[in-house]
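A.B. asks: Based on what follows, work out the 3D shape:
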Amino acid sequence: LQVPVTTGHEAPSLAREVRLARHASLAVRLTEGAGVPVAGAMVVLRAEQDQVLLEGGSSFFLRRGDEKVSATSDEAGACRFGALVPDVALRVDVQRGGGAPWIDLPPITLRAGEQRAVEWRLEAGARLTGLVVGPSGAPVPHEELWLQRANTNGPTFFEVGLARGSRRTQSDAAGRFTFD
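C.D. replies: Numbering: from 1, shown residues only. Purely as a prediction, here's the structure:
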C-alpha cells in the first residue's frame, strides 16, 4: 500500500490517522456428486479494488487493477485463503483439470476479521462436439473456434480474450472439434 506523503502533518495534532481494515480469511471445501471431495482444482479470488478505512468510518478505494489470489484444493477438496481484503466483493472462479472456469458462484464479501468456511458443490460439466462445415457443406479443417458462456438473453457481441470463462479450440484435419 502506498500513501502519498504531503507536508503540513509534521505535528501529531495535524496528523491524519489512517486505519487499515483487519484481514479476513476463507476456508473452502470443493465437492461433487454425493459429497465426494474435488482434489487439484484451482480456486481464484479476484478483487477489483482495495479499501482503506479512515477515522470516523468513512472509506475510499485505491484502484490498483485486478488483485487476485489462488489456491489448489488438496485430497480432501480443501484450500484456505488468509490475509484477504475485507469489505470488498471477491469474484470466485473454480477451474479443474485445465478446463474453463466454473463461474456460477456469486461474489462473496468478508467483514474485517471474519473467518468464513464455505462448501461449493461442482456439478458435472458437458462435452460439446461438432463438425465445422463451409457454405458447400464440406468440412473445414484447422478452423479456430471460440466458446463463451452467455450472459444475456439476447444477442451480444463476442470480443476475443475479454470474457471470463472463454474457451478456444481448433477443428482437426477432418473439421471435427471438441470443447470439454
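A.B. asks: hey, where'd the strands end up in the chain?
C.D. replies: Using DSSP state E, the strands of the chain run over residues 18-19, 24-32, 36-37, 42-47, 50-54, 59-62, 67-72, 78-84, 91-95, 115-122, 128-131, 144-147, 167-170, 176-179.
A.B. asks: low-scoring stretches of the chain, by residue?
C.D. replies: Low-confidence segments of the chain (pLDDT under 70): 1-5, 9, 16-21, 48-66, 98-104, 124-126, 149-166, 180.
A.B. asks: And E67, how far from R111?
C.D. replies: Computed as CB to CB, to the nearest Å, the E67 to R111 distance reads 18 Å. Backbone N, C-alpha and C define where each C-beta goes, glycine included.
A.B. asks: So if I had to pick from these two, which one is more boxed in?
C.D. replies: E67 (15 against 11; other CB atoms under 10 Å).
A.B. asks: burial count for S70?
C.D. replies: Neighbour count for S70, taken as other CB under 10 Å: 13.
A.B. asks: If you could redo that for V44, that was the one I meant.
C.D. replies: Residue crowding around V44 was assessed by other CB under 10 Å; the count is 17.
A.B. asks: who's in contact with it?
C.D. replies: Counting by CB atoms under 8 Å, 6 or more residues apart in numbering, V44 touches 68-70, 92-95, 101.
A.B. asks: Put together CSV for the residues you listed, with distance to P139 on each row.
C.D. replies: Supplementary listing: the contacts of V44 in CSV, determined by distance: CB to CB, whole Å:
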residue, distance to P139
K68, 40
V69, 44
S70, 39
V92, 39
D93, 34
V94, 35
Q95, 31
P101, 30
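A.B. asks: got TSV for the strands of the chain, with distance to L105 too?
C.D. replies: Formatted as TSV, the strands of the chain follow (distance: least, CB to CB, whole Å):
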stretch	distance to L105
strand 18-19	31
strand 24-32	10
strand 36-37	17
strand 42-47	10
strand 50-54	21
strand 59-62	23
strand 67-72	14
strand 78-84	14
strand 91-95	4
strand 115-122	6
strand 128-131	22
strand 144-147	20
strand 167-170	18
strand 176-179	21
